[in-house]
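what follows is a predicted structure for the sequence shown.
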Amino acid sequence: MARDISVMVWGCFYGSKIGYLWSLLEGCNNAIKYVEILEHTLGDVRIELSEMGINDPVFMQDNSLIHMAKLARAWFKENGWVVAKHPAYSPDMNPIEHVWAYIKRQLHKKYLHLLNMPGGPDVVKAALADALMEI
């Protein structure tokens, strides 16, 4: 019997460079966790972009509630990031959506066995996080 095991994933890329992939294995994602991810990842991204001669990057995200929360908007402002504005419900404008679609196809193609994997949710989530990193 298949279980409903979900893992929230955050990822980024810039130019042709693969950035970070962050799997949230416990709890729900919220603005606080989102800002923690930004703190852990975007500092290094900013340094790498600067080394590439890009000193005025624009960050693109969708309009989910956690992305648009006051806490997240304040973090971007305090850290000097310009956030692209685009219409709500316009995933085709965000290139990361193509990455998510690719990952989903690969999970269904190569890791479908995780649906019936023995063990509790923590075991399955850890295996799913490993699969995501492999993809």
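That came through, no problem.

please, which helix or strand holds Asp122?
helix 121-134 (DSSP states H and E).

alpha carbons of that helix, in CSV - could you do that?
Only the C-alpha atoms of helix 121-134 are listed here, as CSV (Å, rounded to 0.1, in the frame of the first residue of the first chain):
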residue,chain,number,x,y,z
PRO,A,121,8.0,8.1,7.5
ASP,A,122,11.4,9.2,8.8
VAL,A,123,13.2,6.3,7.0
VAL,A,124,11.3,7.0,3.8
LYS,A,125,11.9,10.7,4.0
ALA,A,126,15.6,10.2,4.5
ALA,A,127,15.7,7.8,1.4
LEU,A,128,13.7,10.4,-0.6
ALA,A,129,16.2,13.2,0.4
ASP,A,130,19.1,10.9,-0.8
ALA,A,131,17.3,10.2,-4.1
LEU,A,132,16.7,14.0,-4.6
MET,A,133,20.4,14.6,-4.1
GLU,A,134,21.3,11.9,-6.6
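
tell me the phi and psi of the nearest residue to Asp56 once chain neighbours are set aside?
By the measure of CB to CB, 6 or more residues apart in numbering, the closest residue to Asp56 outside its immediate chain neighbours is Val82, 7.1 Å from it. The way it works is simple: take the backbone N, C-alpha and C, and place the C-beta from them, glycine included. Torsion angles at Val82 (phi, psi; degrees, to the nearest 10) stand at phi -90, psi 130.

fine by me, we can end here.
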